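1. task: produce atomic coordinates for the following.
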Amino acid sequence: MAVDALDTRILQLLLQQPRTSVREYARILGIARGTLQARLDRLERDGVITGTGPALAPAALGHPVLAFVHIEVTQGHLDEVGDALAAVPEIVEAFSVTGGGDLMTRVVARDNAHLEDVIQTLISLPGVVRTRTDVALRERVPYRLLPLVESIGRTAAN
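-> Have a look, this model is predicted:
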């Protein structure tokens, strides 16, 4: 789905001021509230906007350790292992990947001992052959989409 210049302005505003009302967004953008609402509805329907909930910090929730665990899976068991990963609360994301493993997970833990326990849980899942863990030391670029949206907006404006 292509986004136009107005869509990118809307997305930029949502990212910059996420707690503002639709009425205020419309005022800032200089468009009718109904126009804005229709655009927001379409962006949600098309999967561009995927949520409106708060972003939470696992570290502030008592889980400051972040690791990326690569999981090698027995051939033909990717779906079963993927389903089993959903039952592990410390896994905050999981992706099928190419390269040195079949799955890559983002795991949070209270401390290194807790991380080891989580890894042992993963290793014991049926279909898991082996894991490889990379512990994150420091976040260098936080998750962000504003620069991407701004780049798309510049392209859409041309």
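2. pLDDT weak spots in the protein?
-> 1 (pLDDT under 70).
3. would you state the helices of it in chain order?
-> Secondary structure of the chain by DSSP state H: the helices cover 5-16, 22-29, 33-45, 78-85, 112-123, 146-157.
4. wait, which of the ones you listed is closest to residue 59?
-> helix 112-123 (13.2 Å; CB to CB). From N, CA and C alone the C-beta is placed, and that goes for glycine too.
5. where do the domain boundaries of the protein fall?
-> With domains defined by automatic domain parsing, the chain comprises 5-54, 58-135.
6. closest one to residue 146 among those?
-> If you check each of the domains of the chain against residue 146 by CB to CB, domain 5-54 wins as the nearest, at 4.7 Å.
7. give me the distance from the closest one to the chain's centre.
-> 19 Å (CA atoms, centre = their mean, to the nearest Å).
8. what's the answer for stretch 70-87, then?
-> That offset, for stretch 70-87, works out to 19 Å (CA atoms, centre = their mean).
9. residues making contact with that stretch?
-> 91, 94, 96-97, 100-105, 122, 125-134 (CB atoms under 8 Å, 6 or more residues apart in numbering).
10. could you redo the last one with a cut-off of 6 Å?
-> Identification of contacts with stretch 70-87 by CB atoms under 6 Å, 6 or more residues apart in numbering yields 91, 94, 101-104, 125, 127-132.
11. pull out the buried residues from those residues.
-> The neighbour count (16 or more other CB atoms under 10 Å) marks 91, 94, 101-104, 125, 127-128, 131 as buried among the contacts of stretch 70-87.
12. ok, those residues vs residue 144, which is closest?
-> The shortest approach to residue 144 among these belongs to residue 104, at 19.8 Å (CB to CB).
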